[in-house]
Each structure stands twice: as C-alpha cells, then as structure tokens.
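K.L.:
no FASTA, just this:
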C-alpha cells in the first residue's frame with residue numbers, strides 16, 4: 001500500500017482526526033530545495049525577530065523538524081521528533097487545515113496545560129499547513145517566539161507566501177518525477193519499437209526469401225513439371241504469399257494500435273488455431289525443404305489466456321527457426337500437451353542442434369544469433385529475444401533442449 005496516515009489531536013476542539021500523509025510514491029525533497037527552504041526560514045525569522053522558524057514534516061507516528069532557521073536561540077534541533085496526540089500547535093494546524101495563531105500560550109487556558117513547547121519557552125505560535133498537490137499532508141511552516149507575540153498582518157502575509165512557495169516546490173518535484181517516469185516509458189517504448197520492427201523484418205524477409213527460392217525452383221525446372229504439378233505448386237505459393245500478406249497487415253495494424261502500449265491484451269486464445277496459422281504461414285518453406293511435419297494435438301480445446309497477436313508472432317518465429325535450422329528432408333514435430341493441468345506446446349526438429357554454450361547465450365543481446373542456421377536465419381536472434389519478452393508478458397515460460405547433431409526441442413508452458 002502506498003497510502004500512509006497519521007492521527008492528530010486538535011486541542012481547541014478536542015477532536016482526533018486521521019489524515020493522509022506523504023505517500024511512499026512521492027518524490028524525496030532534493031538538496032537544492034531543502035537549501036532554498038532553509039534560506040526562507042532564515043530570512044523570515046530575522047524579519048519577524050523570533051528565535052524559531054520551522055518546517056515540520058508529519059510522519060505516521062510523529063512530527064519532525066524537517067528544516068529550521070540557523071541560530072543559537074532556536075531550541076529545536078534538525079530531525080528532532082515529537083510524538084503525536086499531545087495536542088501540539090502543528091497538530092491543530094494540520095487537523096483544521098487552516099492558520100493558527102497563539103499569541104501567548106501561558107495566558108490561554110486551552111494551550112497552557114501539558115504543552116511541551118512551553119517547556120522550551122516557545123509560548124507564541126503562527127503556523128500554516130503544507131500539503132502536496134493531491135491533498136496529502138506534508139506538514140507545517142511556523143514561527144515561534146519566547147514572548148507574547150500577536151504576529152501582525154505583515155508577518156502573516158510573509159509566512160503565507162513562504163507556505164505557497166513550499167507547496168509550489170512540492171508541485172515542481174511531482175512534475176519532475178512524472179517527466180522522468182514518462183522519459184523512461186518513452187525509452188522503453190522506443191526499445192520495444194526497435195525490437196518489434198526487427199521481428200517484423202525477420203518474419204517478412206524470411207517468408208519473401210522463401211517465396212523467391214520457390215519461384216527460382218519452378219523457373220529452373222519448369223520444363224520438367226506437368227501442368228498439374230505446376231498448378232499445385234503455384235497454388236501453394238499463392239496461398240503462402242496470401243498468408244504472408246495477411247501477416248504483414250496484422251503486424252502493421254498491431255504496431256499502430258499497441259506499439260506504444262506494449263502490455264498484452266489478454267483473451268482466450270486457441271493454441272490449435274494459432275499453430276495452424278503458423279504452419280500456413282511457413283508452408284512454402286516446408287515444401288521447399290521437403291520437411292515432414294508431425295502434429296499431435298490434445299483432444300478437445302487448447303485455450304490459454306494470452307495476447308493473440310503476441311502468440312502468433314511467437315510461434316511464427318519458433319516454427320520459422322525450426323525450418324531454417326533443419327536440413328532438407330528433416331522432420332519437425334508440433335505437439336500440444338497437458339502438463340499437470342497446464343497447457344504446453346513443443347516444437348522439435350532434427351537439425352544440427354546446439355551445445356551448452358550456445359544454449360546459455362540464446363536470449364542474450366550480446367550473442368543472439370545461434371551458429372547452427374544458414375543465411376536465411378540471420379535476424380532470428382532478435383526474434384528470440386522478443387519471443388521471450390512476449391512469453392514473459394503472458395505468464396509463460398520457454399525452455400530449450402538441444403544437443404549437437406540431435407536437433408532441438410522448444411517447450412512453451414503457460415502458467416495458468
């Protein structure tokens with residue numbers, strides 16, 4: 001909980017009041033601001049000819065001297081704390097949220113009894129509340145004197161002006177904090193944008209490159225194909241290009257809608273549909289390399305709570321990598337599993353595999369491209385980084401199992 005509260009006793013009305021105080025999310029008071037407040041207190045104490053000018057900060061169980069004017073006559077010490085519920089001058093100011101003037105506590109029946117400030121010979125008081133812009137209490141600003149003092153209107157106006165300066169500084173600190181947070185969010189969004197555009201580039205470049213190789217194959221061996229074979233191959237190519245175009249449209253729409261809001265929009269996602277879409281997207285690459293695809297899906301629904309766009313991107317990337325790293329004639333398995341009540345997806349290939357060192361650095365920016373692929377695989381590293389980020393955002397884990405010469409198995413577990 002960010003919210004914090006303190007309880008004060010208002011001596012004049014004999015009321016106890018709970019007030020909201022500086023929350024944990026509020027910025028700290030910087031040294032330049034503290035020094036400025038110190039100067040204001042020095043000037044105000046000198047002009048009013050009083051021994052003590054204070055800025056008090058309200059805490060949950062006490063009120064403390066946040067800063068004070070310099071001078072030997074001031075009986076209060078920096079960071080000195082006083083327990084609440086004693087009916088201190090500042091408690092009434094905070095509880096009533098208005099100016100308090102006590103010209104001589106010794107002669108006032110309300111303020112003369114059990115008043116710890118009288119023990120310090122601080123018998124007159126003028127104070128105003130200090131609040132954050134959202135109304136949370138910071139504390140008070142006050143003048144105290146060791147003799148009767150009615151604090152004329154000039155001094156009241158001076159102290160009120162200091163109060164307004166302090167509250168303006170508190171507002172400025174809030175604005176500075178918000179600007180820094182917005183700056184960090186903008187930097188995060190820019191990083192996401194760069195990575196995301198790299199992922200789009202990887203997806204589209206791989207598909208277009210495969211289509212180009214497929215067309216080269218048709219052109220090269222055109223005379224050897226029958227009309228039925230050509231029709232089948234061109235139909236497959238057309239279907240694959242249509243899937244690529246659809247993917248590009250979806251990616252661009254997603255970019256426009258969510259790029260600056262990289263948090264997932266979760267809903268019920270059908271893993272079977274998502275994997276079948278990924279297979280359709282990769283169809284021409286599968287045919288070009290004559291891969292055998294083996295699908296094993298659990299019976300019934302395979303629904304997970306996730307961002308569908310992110311999951312589409314994840315499985316396109318993983319399937320594309322499996323195709324790129326598996327030699328012609330190899331085998332790729334796609335399984336949807338139930339692991340102790342959790343949905344899981346496994347994609348296995350019969351490619352070259354990876355050693356332990358490659359597995360350790362698989363998701364690192366410094367070495368994010370495995371060494372087991374080919375020229376079509378360039379750019380896969382940034383895709384894997386985004387894959388992990390997307391899965392993290394959707395409460396899913398990714399695990400890689402691989403050995404050199406024995407292929408690779410990727411397991412995605414949805415923790416829900």
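P.N.:
Arrived safely, thanks for sending. No experiment lies behind these values; they were computed from the predicted model shown. Numbering: from 1, shown residues only.
K.L.:
Flag the shaky bits of the stretch 151-300 of the chain, pLDDT-wise.
P.N.:
Applying pLDDT under 70 to the predicted model, the residue ranges of the stretch 151-300 of the chain that meet it are 189, 192-207, 210, 240, 243-263.
K.L.:
end to end, how far does stretch 335-345 reach?
P.N.:
Start to finish, the residues bounding stretch 335-345 are 6 Å apart (Cα to Cα, to the nearest Å).
K.L.:
buried set for it?
P.N.:
Using 16 or more other Cβ atoms under 10 Å as the burial criterion, the residues of stretch 335-345 that qualify are 335, 336, 337, 343, 344, 345. C-beta here means a position set from N, CA and C on the backbone, and glycine is covered the same way.
K.L.:
Over to stretch 289-299?
P.N.:
289, 291.
K.L.:
Could you report the neighbour count for residue 409?
P.N.:
Other residues within reach of residue 409, judged by other Cβ atoms under 10 Å, total 18.
K.L.:
what sits opposite it in the beta ladder?
P.N.:
On DSSP bridges, the residues paired with residue 409 through beta bridges are residue 348, residue 401.
K.L.:
which residues touch it?
P.N.:
By Cβ atoms under 8 Å, 6 or more residues apart in numbering, the contact list for residue 409 reads 346, 347, 348, 349, 400, 401, 402.
K.L.:
from what I can see the third one touches residue 407, true?
P.N.:
Yes: with the criterion set as Cβ atoms under 8 Å, residue 348 and residue 407 qualify as a contacting pair; they are 6.5 Å apart.
K.L.:
In terms of packing, which of these two has more residues around it?
P.N.:
residue 407 (23 against 20).
K.L.:
roughly how far apart are that one and residue 315?
P.N.:
In this view, residue 407 and residue 315 are 18 Å apart by Cβ to Cβ, to the nearest Å.
K.L.:
next one: residue 159
P.N.:
67 Å.
K.L.:
and the two? which has more neighbours close in?
P.N.:
Under the criterion of other Cβ under 10 Å, the comparison of residue 159 against residue 315 puts residue 315 first, with 25 against 22.
K.L.:
wait, isn't the more buried one in contact with residue 275?
P.N.:
Yes: between residue 315 and residue 275 a contact is recorded at 5.8 Å, counting by Cβ under 8 Å.
K.L.:
Show me whatever sits in contact with both of the two.
P.N.:
Shared contacts of residue 315 and residue 275, defined by Cβ under 8 Å, 6+ apart, are found at residue 345.
K.L.:
about what we covered before: residue 304: which of the buried residues of stretch 335-345 is nearest?
P.N.:
Nearest to residue 304 out of the buried residues of stretch 335-345 is residue 343 (Cβ to Cβ; 5.2 Å).
K.L.:
ok, then the element right after the helix or strand hosting that closest one?
P.N.:
Assigned by DSSP states H and E, residue 343 belongs to strand 342-349. The C-terminal neighbour of strand 342-349 among helices and strands, as given by DSSP H and E, is helix 356-360.
K.L.:
quick one: that following helix to chain centroid distance?
P.N.:
Helix 356-360 has its C-alpha centroid displaced from the chain centroid by 30 Å (Cα atoms, centre = their mean, to the nearest Å).
K.L.:
got it, and stretch 76-88?
P.N.:
Between the centre of stretch 76-88 and the centre of its host chain there is 38 Å, according to Cα atoms, centre = their mean.
K.L.:
Could I get the buried residue list for that stretch?
P.N.:
The neighbour-count criterion (16+ other Cβ under 10 Å) identifies 76, 82, 84, 87, 88 as the buried residues of stretch 76-88.
K.L.:
what's the closest residue in space to the fourth one that isn't next to it in sequence sitting at in phi/psi?
P.N.:
Same thing as residue 87. Counting by Cβ to Cβ, 6 or more residues apart in numbering, the nearest residue to residue 87 once its immediate chain neighbours are dropped is residue 11, at 3.5 Å. Note on residue 11: backbone dihedrals following degrees, to the nearest 10 are phi -60, psi -40.
K.L.:
Next up, the contacts around residue 11.
P.N.:
For residue 11, the set of contacting residues under the criterion of Cβ under 8 Å, 6+ apart consists of 87, 91, 92, 110, 111.
K.L.:
Among the residues you listed, which one lies nearest to residue 307?
P.N.:
Each of the contacts of residue 11 was checked against residue 307 using Cβ to Cβ; the closest is residue 91, at 51.3 Å.
K.L.:
Ignoring the adjacent residues along the chain, who's closest to the closest one?
P.N.:
Excluding the flanking residues, the one nearest residue 91 by Cβ to Cβ, 6+ apart is residue 8, at 4.0 Å.
K.L.:
Help me confirm that that neighbour is found in a strand?
P.N.:
Yes: the assignment for residue 8, made by DSSP: H, G, I helix; E, B strand; the rest coil, places it in a strand.
K.L.:
how close does it get to residue 410?
P.N.:
Here the distance between residue 8 and residue 410 works out to 60 Å (Cβ to Cβ).
K.L.:
the more surrounded of those two?
P.N.:
A count of neighbours by other Cβ under 10 Å puts residue 8 above the other of residue 8 and residue 410, at 26 against 21.
K.L.:
tally of neighbours for residue 18?
P.N.:
10.
K.L.:
pretty sure it is touching residue 4, no?
P.N.:
No: applying Cβ under 8 Å as the test, residue 18 and residue 4 come out as separate, 11.0 Å apart.
K.L.:
can you pull out the helices in the stretch 151-300 of the chain?
P.N.:
Per DSSP state H, counting those that start in this stretch, the stretch 151-300 of the chain carries helices over the ranges 153-220, 227-258, 271-281, 283-288.
K.L.:
re the thing from before, which of the contacts of residue 11 fall within helices?
P.N.:
For those, membership in helices holds for 91, 92, 110, 111, with DSSP state H as the criterion.
K.L.:
count of neighbours near the last one?
P.N.:
When counting by other Cβ under 10 Å, one arrives at 23 neighbours for residue 111.
K.L.:
ok, and the closest non-adjacent residue to residue 122?
P.N.:
Counting by Cβ to Cβ, 6+ apart, the residue nearest residue 122 is residue 144, at 4.2 Å.
K.L.:
burial count for residue 170?
P.N.:
22.
K.L.:
go on, residue 2?
P.N.:
The criterion is other Cβ under 10 Å. On that basis, residue 2 has 7 neighbouring residues.
K.L.:
Look at it and tell me its secondary structure.
P.N.:
Going by three-state DSSP, the secondary structure assigned to residue 2 is coil.
K.L.:
Look up how far residue 172 lies from the residue positioned nearest the centre of the chain.
P.N.:
Most central in the chain under Cα atoms, centre = their mean is residue 185, positioned 7.5 Å from the mean C-alpha point. Computed with Cβ to Cβ, the distance linking residue 185 and residue 172 is 20 Å.
K.L.:
Appreciated, that's everything.
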